[in-house]
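Q: Mind looking at a prediction? Sequence and model below.
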Amino acid sequence: MSEKNREGKRTAREKLAVEREKQKSADKRRRALIVGGAVVAVLGLAAVIGVVAANAGKDDGSEASGPVVVPSGARGKDSLALPVGKDSAKSTLTVWEDFRCPACKSFETAYRPVIHELTDAGDLKVEYHLVTLIDGNMRGTGSRNAANAAACAQDAGKFPAYHDVLFDHQPSEVDDAYADNARLIELAGKVDGLDTPAFRTCVEKGTHNGWVTKSHQAFDKGGFSGTPTVLFDGENIYQDRTMTPAKLKQMVREANKG
């Protein structure tokens, strides 16, 4: 083979090697672009999923508590207490309750007769604070909706009777029946003169939802352990295992002598 031919073949091999290297480089760039594009797509999808997930945990505004509209006649700090009884009563019972709370119903069943007796006689006034503890524990809005409806009843001057009706017809703790405003309006029919257009509008619009939220926040800030929390002249008496309706009655009478 001539030197010229050998030189030509060597040059051809070198050119081929160069072309192969170029092809390899091109393939690497193409693979990098494909992988990079896939990573970008995955990250983009993750970002979208993250936004969706984040938004899923946020309130869209339809269930927002709204402005704080204080019920008529509410009193106490930040006007969060609904009063029952005569202002002239010397003793005060402060009760924190949740309309979905079974223990609250037990308290009402046991103590309601003596509380009614004492408030009717002018010996005791009661300040009710409404809480949404069960909504947080069991999920739902029944505690809040019932508390709003009770505040609407307060506007109508019918809170004491409606308060009792709500506890008398309390659903089981896991049943969020009071989330249904229609049920709350139906129960209002058991209180003379309560089921009016104004009451229905107040219930359906959640007029006092913001006030209910503020009431529950006050409960949290108070450091109370649960519902019901019952304070007699500032002292937590529901934690007293020896407490009975008769003992409460005696305590009120003794306090009123002073």
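A: Arrived safely, thanks for sending. Residues are numbered from 1 along each chain as shown.
Q: Helix or strand: which one has residue 218?
A: helix 209-221 (DSSP states H and E).
Q: now residue 185
A: Residue 185 is part of helix 181-188 when elements are defined by DSSP H and E.
Q: Next: residue 82.
A: Assigned by DSSP H and E, residue 82 falls in strand 82-84.
Q: Tell me which strands that strand pairs with, and in which orientation.
A: The strands beside strand 82-84 in its sheet (DSSP bridges) come out as strand 124-130 (antiparallel).
Q: taking the mean pLDDT, what do you get for the helix or strand that the partner strand is followed by?
A: Sequence order places helix 133-138 as the next helix or strand after strand 124-130, per DSSP H and E. Helix 133-138 carries an average pLDDT of 95.
Q: Kindly export helix 133-138 (C-alpha atoms) in PDB.
A: Extracted as PDB, the C-alpha positions of helix 133-138 are listed here (Å, rounded to 0.1, in the frame of the first residue of the first chain):
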ATOM      1  CA  LEU A 133     -64.800  22.900  71.300                       C
ATOM      2  CA  ILE A 134     -66.500  19.800  69.700                       C
ATOM      3  CA  ASP A 135     -66.200  21.300  66.200                       C
ATOM      4  CA  GLY A 136     -62.400  21.300  66.700                       C
ATOM      5  CA  ASN A 137     -62.300  17.800  68.200                       C
ATOM      6  CA  MET A 138     -64.800  16.000  66.100                       C
END
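Q: which parts of it are buried?
A: Residues of helix 133-138 classed as buried by neighbour count (16 or more other C-beta atoms under 10 Å): 133, 134, 135. (Glycine included, C-beta is placed from N, CA and C.)
Q: re earlier: show me what the helix holding residue 218 is packed against.
A: Judged by 3 or more C-beta pairs under 8 Å, 6 or more residues apart in numbering; DSSP states H and E, helix 209-221 is in contact with strand 124-130, helix 142-155.
Q: shaky segments in the stretch 51-200 of the chain?
A: Across the stretch 51-200 of the chain, the ranges flagged by pLDDT under 70 are 51-65.
Q: still on that earlier bit, which residues sit against the strand holding residue 82?
A: The contact list for strand 82-84 (C-beta atoms under 8 Å, 6 or more residues apart in numbering) reads 71, 73-75, 119, 125-130, 150-151, 154, 159-160, 163.
Q: Return the members of the residues you listed classed as buried.
A: The neighbour count (16+ other C-beta under 10 Å) marks 71, 74, 119, 125-130, 150-151, 154, 159-160, 163 as buried among these.
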